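**Student:** Have a look at this prediction, sequence included:
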Amino acid sequence: MKLRTFRFSLLQGFYWMGACMVYSYAERMLLSRGLQTGTIGLILASSYLLAIFLQPALAAAADRERHVTLRLGIAVCAALSAAFAAAAVFGMRVLAVFAVLLGALSGVTLAVQPLVNAVGFHYINRGQDLDYSFARGAASIVYALASLLFGALAARIDRMLWVYAAVQAGLFVCALTFAPHRSGIAVRETHGGFFGVFRRYPAFVLFCVGNLVLVVPHMVLNSYLASITKVTGGDMSVMIAIAALVEFPAMIAYSHLRKRIPDRVMLVASASVYLLKTGLLLLAAYLPIGAWAAYVSSALQMLCYALFVPAASYFANDCMQETDRVKGQMLLTEAGLFAGMISMLLGGFAIELFGVGITLMICEGLVAAGVLLVWLALRKRAR
């Protein structure tokens, strides 16, 4: 168990270290090149759109295990991302080329996430010991360290990109040595293919819609933190590090908590904490209360995102039949990608047109709607 969990932790760690640059520092890199937040929103939304098209094909192929295995899918995406990062270093002098390459590497990085998650559930579903929560929590520690590293390198975009390329090389090696090639279990493709999932699992689809609405404000806060902290106060790199560090104990504890507390209770409770997390930043935007509110908001990551993410992954795994489980993880992530695309546009144009305060008000309203939809989906599933 320890060796398998350690290897899966490495896989998750390399993935999330690379994702840190995509999720948290893409806006900062593009701002430093003189772009406005509205234009940045269009570029980043395009990267999410690319991932939306890539993910269904990757997940459906991995479920069939005929053409694209988990190992091959992750390795190819990692190699492409590293190549795009290296090309972006040499294309920095031409802003349009740099923006396209940054969007491409972001899209490929986002697309591979459900395959990385599916590696863990591949072993869990076959009765092999693997602590998914520990591995995901360890990845949060890596994310925190990556945030501090990228923050220190923020003035040197070329160095950030070379670090990212090296991380993708590590992900490539981990995928080849640990990700499964064949499952060893013959499975039959269920009727209706990928889109049949919508008909077979209506409660889960509603849950994904709720997750989408909930993730939109979460992604606005993460992706436009450079602009938000100019109003709320607080250091961007420190806030990201705090949020990532507090995830680790919560994710470790989750595997024990779920033995005592049903996943549906954990999902509604953790979703509700997002209201307080966003509310504190809204308060800091309008009142001179200092940077403490921003840092406390980051610390609340322990009780919302850190619990909601593993609970949602387990919920997706439990909802699906064996032949649909990679598609289930993909659909959950796909909802997040649609949310990301919406959040890039919403955050970019709302901040540019209305300012940070109004943007945070919109985010708080979306969080409330997301909590309601998640609760309705879990109620429907319990019937």
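**Tutor:** That came in fine, so what should we check first?

**Student:** Contacts for stretch 368-383 next, please.
**Tutor:** With CB atoms under 8 Å, 6 or more residues apart in numbering as the test, stretch 368-383 has contacts from 202-204, 206-207, 209-217, 264, 267-268, 271-272, 274-275, 319. For the C-beta atoms, the positions are set from N, CA and C on the backbone; glycine is no exception.

**Student:** what does stretch 154-167 give?
**Tutor:** So stretch 154-167 is contacted by 14, 17-18, 21, 25, 28-29, 32, 81-82, 85-86, 88-89, 92, 105, 146, 149-150, 153, 237 (CB under 8 Å, 6+ apart).

**Student:** So which of those residues belong to helices?
**Tutor:** 14, 17-18, 28-29, 32, 81-82, 85-86, 88-89, 105, 146, 149-150, 237 (DSSP state H).

**Student:** Filter those residues down to the buried ones and hand me the PyMOL line.
**Tutor:** A single PyMOL command selects the buried members of the ones in helices among the contacts of stretch 154-167 (16 or more other CB atoms under 10 Å):
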select buried, resi 14+17+18+28+29+81+82+85+86+88+89+105+146+149+150+237
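
**Student:** Please pick the buried ones from the contacts of stretch 368-383.
**Tutor:** Judged by 16+ other CB under 10 Å, buried ones among the contacts of stretch 368-383: 203-204, 206-207, 209-217, 264, 267-268, 271-272, 274-275, 319.

**Student:** Looking at these, which are in helices?
**Tutor:** Short answer: the buried ones among the contacts of stretch 368-383 in helices (DSSP H) are 203-204, 206-207, 209-217, 264, 267-268, 271-272, 274-275, 319.

**Student:** Wait, Tyr224 touches Thr37, no?
**Tutor:** Yes. Using CB atoms under 8 Å, Tyr224 is in contact with Thr37, at 6.8 Å.

**Student:** which of those two has more neighbours?
**Tutor:** Just comparing Tyr224 and Thr37: by other CB atoms under 10 Å the higher neighbour count belongs to Tyr224, 26 against 22.

**Student:** residue contacts, that one?
**Tutor:** 27, 37, 347-348, 351, 359.

**Student:** repeat that with 6 Å
**Tutor:** Contact analysis of Tyr224 by CB atoms under 6 Å, 6 or more residues apart in numbering lists 27, 347, 351.

**Student:** Highest neighbour count among these?
**Tutor:** Of these, with other CB under 10 Å as the count, Gly347 tops at 31 neighbours.

**Student:** Can you tell me the closest non-neighbouring residue to that residue?
**Tutor:** Val220 (3.9 Å; CB to CB, 6 or more residues apart in numbering).

**Student:** surely that neighbour meets Ile342?
**Tutor:** No. Val220 lies out of contact with Ile342 (CB atoms under 6 Å); the separation is 9.1 Å.

**Student:** Settle it for me: which of those two has more neighbours?
**Tutor:** Val220 (29 against 19).

**Student:** Okay, the more buried one and Leu281: tell me how far apart.
**Tutor:** Separation of Val220 from Leu281 (CB to CB, to the nearest Å) stands at 10 Å.
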